[in-house]
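1. Let's see this in three dimensions:
(chains A and B)
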Amino acid sequence: MSLHFEKVTKKFGVFTAVDNVSFQIPDHQIFGLLGANGAGKTTTFRMVIGLLAPTAGRIMWDNKPLSQKDSHLIGYLPEERGLYPSLKVSDQLLYLGRLKGMKKAEILPQMKKWLERFKVPEFENKKVEELSKGNQQKIQFIAAVLHRPKILILDEPFSGLDPVNVEMLKEAVLELKKEGTTIVFSSHRMEHVEELCEHLCILHKGRPVVHGSLKEVKRSFGKKNVTVHAEFDLSYLKDIPGVLKYKLVTEGVHLQVENEEVSQKIFESITSKGFVRKFELEEPSLNDIFIEKVGASYE
Amino acid sequence: MNKLWIVMLHTYKMRIRTKAFLLTTIASLLLILGLTNMQSILSIFDGKEENKQVAVLDESGHFYEPLKQQVENTSDNIDLIQAGQNAQEAEERVLDGEYDGILVLGKNEKGLPEGVLKTAGVPEANWISNIENNLQQTKVMIATQQLGVDPAELTTLYEPVSFQKESLQEGAKTEEELNQARSIVYVLLFVIYFAVLFYGSMIATEVATEKSSRVMEILISSVSPVKQMFGKIFGIALLGLTQFFLIFLVGFLSLEYSPSPEKESTQPMTDFSSLIQIEQLPISTVVYAIIFFLLGFLLYATLLAMLGSLVNKVEEANQVITPVILIIVVAFMGAMSGLATPEAGFVAVMSYIPFFTPMIMFLRVGMLSIPVWEVLLGILILVVTIGIFAVIAAKVYRGGVLMYGNASSLKNFKKAIQLTKK
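-> Predicted structure coming up:
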């Protein structure tokens, strides 16, 4: 059981929103779909829901193309809050649950369970408009997972939440993953993606510019970060071939280098100069990769 | 459960709880109660009204008696009082409000009566022209007596001529039936007009509300936009039928059980409630009213749902639906002028134009005895049009609900259709 994108392209007239995207998401996994604003994430999600038809290519679930009939398999948390403002939480969830094919008797215990879990059982009889934005997001999340979907799509699930609620939601997401839900997730917050996703894809102008498992992505990126704290002048380091970025900080410098060999050279060079308090070779952060990949192709 | 059904029931349940529905229902029920009990209500006011007191100053000395006789025979709401000869005293009593007016009777050179009526306020009222008529009658009587005509012959002279109207067409309605049909059709036309307008714009706002609250994005991930749109339309149609049912039920019960005062038919054509007697209400007219309401609603609702899906905010919905509302108003105007001349050519033509069919074909079928095939043809054209609009609307709706941006232009319409393409 896996979600499979086969050369999916979506055009709106002359504008290509999603361009030849292929990837596979195994179940029990969280897949991160990243991209700047307008990169084509929401369009991709809408094709999974079956709301937009791909111009070319197919989206397969369990080796069968997904269609509107499979809507009960999918849970969707949109980027913007989408609930009836003047409807009670229970009425709201009952309606949305029924539309996913559930019966009232199945919905009520699920709803109670989730409200308890998010520590808000008293919201059951409140209107959505009376709740804070963060609490509305909890209800929205419940609406997306109430029917135990096989595929869960979370479009910016953590935006506008305080750290406590972010943790609460993250735990819920991880638990669903353990239960076997395939989760596709988009965010601008790279630390969330690094924490949750095994696999990821960075879209830029509809094209996948980076794709693979988190480790692979980082390894294949090649570039490394080097931090040096030393007592002597380090400014000559920026002239060493292979040093791509140079940033002076209070105690020393941050460098980005082309590969590990360059860092080796830097190490050798500085140890002969004098006392070095800190030398650190780091994997690039996803943030670096994102800025590099998306920023670079802007030029 | 079928998703269409779920959306329909949800829409119905949510709407039936709203204050707007409650208020309009109560208002229309009160209106129906008022109309059906018009006679009782009017008689309450009539009962309180006192007879007009008119003082008569008969300067000639022999016109008072015949006039009083005449007035007693024809008008029971006027009391004539002989007031002696003191004009000034009588005028003061009028100003004090004791008398409603003074009638000064004189004799002209031909020996016939003439009168001057004086009142405190503006001398313009029904009872005044009543007195004038009576005085006229009295004059005619006196004049003919002077001419030496036998009173028996006089009766022959004034007897109304026998005049009846008949139609050669089989099943054509008589004048009386036509008048009766006219008032029933008038009321039902108004109900159709109001219901299509009210429930049609309800659809547009409903769609716009779901779109602006973005709940639409969730809904479309569970149920196809087409089912969603029709679920909504049917839900609101059901709401309309509920209101119809209540109105007919209350109207029927009220007519059956109201303590309707003596059903005397002194003024049958002017009194409204006597025209809407339930026993005279042809069932077929009511059935046609419901059919044409449903079809009219479906036609306009698909259009309005489509337009509602193109806007972002509820306030914008009002702008885009205005042209459609205008078409409904034009149809209603056509129907109103058609009431007077149901057989006019323009009425027949309009009854086949789908936008006007619901009201105008109903008008024709309610008032005339037109062949069944004409009605069926009108309905067929209407149904086909609804089908075409439904297909277009479903397409636009699919794309429209995904669009957020500046609305209310033809560009959006094209864009929405484009969104649904591959």
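2. after the longest helix anywhere in chain B, next one along is what?
-> The residue-count maximum for a helix in chain B (DSSP state H) belongs to helix B:175-212. Later in the chain than helix B:175-212, the nearest helix or strand by DSSP states H and E is helix B:215-222.
3. which residues are in contact with that following helix?
-> Under the criterion C-beta atoms under 8 Å, 6 or more residues apart in numbering or on different chains, residues A:49, A:51, A:71-72, A:74, A:76, A:78, A:80, A:82-84, A:96, A:99-100, A:140, A:143, B:3, B:210, B:228, B:401-402 lie in contact with helix B:215-222. Where C-beta positions appear, they are placed from N, C-alpha and C, glycine not excepted.
4. Helix or strand next in line after that helix, which one?
-> Per DSSP H and E, helix B:215-222 leads on to helix B:225-257 as the next helix or strand towards the C-terminus.
5. And that next one, what does it pack against?
-> Under the contact definition 3 or more C-beta pairs under 8 Å, 6 or more residues apart in numbering or on different chains; DSSP states H and E, helix B:225-257 sits against helix B:3-16, helix B:19-36, helix B:175-212, helix B:283-308, helix B:372-400.
6. so what secondary structure elements neighbour the shortest one?
-> Meaning helix B:3-16. Here helix B:3-16 touches helix A:89-99, helix B:175-212, helix B:225-257, going by 3+ C-beta pairs under 8 Å, 6+ apart.
7. The longest helix of chain B to helix B:3-16, inter-axis angle?
-> If you take axes from the mean of the first three to the mean of the last three C-alpha atoms, to 10 degrees, helix B:175-212 sits at 100 degrees to helix B:3-16.
8. For the residue lying closest to A:I289 once chain neighbours are set aside, give me the pLDDT.
-> Leaving out its chain neighbours, the residue that sits closest to A:I289 by C-beta to C-beta, 6 or more residues apart in numbering or on different chains is A:F221, at 5.3 Å. Predicted confidence (pLDDT) for A:F221: 81.
9. how near is the residue most central in space within chain B to chain A?
-> Centroid-nearest residue in chain B: B:V187, 4.1 Å away (criterion: C-alpha atoms, centre = their mean). The gap separating B:V187 from chain A is 35 Å, by C-beta to the nearest C-beta, to the nearest Å.
10. Quick check: the gap between that residue and B:I32.
-> 9 Å (C-beta to C-beta, to the nearest Å).
11. do A:K133 as well
-> According to C-beta to C-beta, A:K133 and B:I32 sit 47 Å apart.
12. Give the residue from these two that has the larger number of neighbours.
-> Using other C-beta atoms under 10 Å in any protein chain shown as the criterion, A:K133 and B:I32 rank with B:I32 on top: 22 against 11.
13. okay, now the residue nearest to the more buried one when sequence neighbours are not counted: neighbour count?
-> Sequence neighbours aside, B:G251 is the residue nearest to B:I32 in space, at 4.6 Å (criterion: C-beta to C-beta, 6+ apart). Residues near B:G251, counting by other C-beta under 10 Å, number 21.
14. Make sure B:G251 is actually in contact with B:T36.
-> Yes - the criterion here is C-beta atoms under 8 Å, and B:G251 meets it with B:T36 at 5.7 Å.
15. burial of the residue nearest to A:H28 when sequence neighbours are not counted, as a residue count?
-> Closest residue to A:H28 in three dimensions, ignoring its sequence neighbours and counting by C-beta to C-beta, 6+ apart: A:G180, at 5.7 Å. For A:G180, the neighbour count with other C-beta under 10 Å is 12.
16. Show the backbone phi and psi for A:G180.
-> The phi/psi pair for A:G180 (degrees, to the nearest 10) reads phi 110, psi 10.
17. Quick one: residues contacting it.
-> A:D27, A:H28, A:K150.
18. May I have the secondary structure class of the second one?
-> Yep, that's A:H28 we're talking about. For A:H28, the assignment made with DSSP: H, G, I helix; E, B strand; the rest coil gives coil.
19. Quick check: it vs chain B, distance?
-> According to C-beta to the nearest C-beta, A:H28 and chain B sit 23 Å apart.
20. Just the element for A:K273, please.
-> Going by DSSP H and E, A:K273 is not part of any helix or strand.
21. where does chain B dip in pLDDT?
-> Scanning chain B for pLDDT under 70 picks out the ranges B:1, B:45-49, B:85, B:151, B:165-175, B:258-281, B:404-411, B:413, B:420-422.
22. Name the residues of it found near chain A, please.
-> B:1, B:3, B:6-7, B:10, B:14, B:210, B:213-225, B:398, B:402, B:418-422 (C-beta under 8 Å from any C-beta of the partner chain).
23. any idea how far the residue nearest to A:H28 is from chain B?
-> For A:G180, the distance to chain B - C-beta to the nearest C-beta - is 20 Å.
24. As a check, name the ranges of all strands in the stretch 1-150 of chain B.
-> Ranges of strands in the stretch 1-150 of chain B, per DSSP state E, counting those that start in this stretch, are B:52-58, B:78-82, B:101-107, B:113-119.
25. One more: the stretch 101-250 of chain A?
-> Going by DSSP E, counting those that start in this stretch, the stretch 101-250 of chain A shows strands at A:151-155, A:182-186, A:199-204, A:207-213, A:224-230, A:243-248.
26. burial of A:L248, as a residue count?
-> Residues near A:L248, counting by other C-beta under 10 Å: 11.
27. what pairs with it across the strands?
-> A:V253 (DSSP bridges).
28. I am finished for the moment; much appreciated.
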